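Asks: below: sequence and its predicted model.
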Amino acid sequence: MNKKGYYRLLAAGLFLLMFVVIGVPVVVMNHLFYSNSVDVRVEKAEIIIDKIVEVMIESGELKDEVFGEFDLLEEANLDVDSINNGLNYISVEIYEGQDFDSKKKFIYGNRAYSVECFVESEKFPRCVEKEFVFGKYKVNFLVGNNEIGKGL
């Protein structure tokens, strides 16, 4: 037999081809999947509002404890350090009567967000503003969050 060793080159070429056909798409897909960041600022603000509403309301009415010494963050089981880290803002205002006179306010976090919430920019916080009416009380919520989710 007169073998010259070409079969070795053929095996190396096939290995290189398989490496490119399989390896390159795997690397590209991993890069695309893990390089995207997730923006959950609005969703987090809505979750905070939902948690606060749950602890303030009983049978469709505001609890009487809300008007006393009521620790909103503690009752809603929200992490105080997370709220006060400068990336969150919570404002809850309770109004009473026909003229909606201010009855009670809860304000936590970065107070600059009360203005920055209304600035349209990628780096500024995203905020959720909601209003509920419970009996003779109107409750306004403004919750802002600027914790941009990290990549997976």
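Replies: It's in.
Asks: need the three-state assignment for Gly23.
Replies: The local conformation at Gly23, judged by DSSP: H, G, I helix; E, B strand; the rest coil, is helix.
Asks: and Leu32, how far from Pro25?
Replies: Counting by Cβ to Cβ, to the nearest Å, the gap from Leu32 to Pro25 is 10 Å. All C-beta spots, glycine's among them, are computed from the backbone N, C-alpha and C.
Asks: same check, this time on Ser35
Replies: 16 Å.
Asks: what of Arg111?
Replies: 49 Å.
Asks: so what's the residue count around Arg111?
Replies: 11 (other Cβ atoms under 10 Å).
Asks: contacting residues for it?
Replies: Tyr89 (Cβ atoms under 8 Å, 6 or more residues apart in numbering).
Asks: got phi/psi on it?
Replies: Main-chain dihedrals, Arg111, degrees, to the nearest 10: phi -70, psi -20.
Asks: show the pLDDT at it.
Replies: In this model, Arg111 is scored at 90, pLDDT.
Asks: same check on Val66?
Replies: pLDDT recorded at Val66 is 87.
Asks: so it touches Glu93, yeah?
Replies: No - with contact defined as Cβ atoms under 8 Å, Val66 does not reach Glu93; the gap is 12.0 Å.
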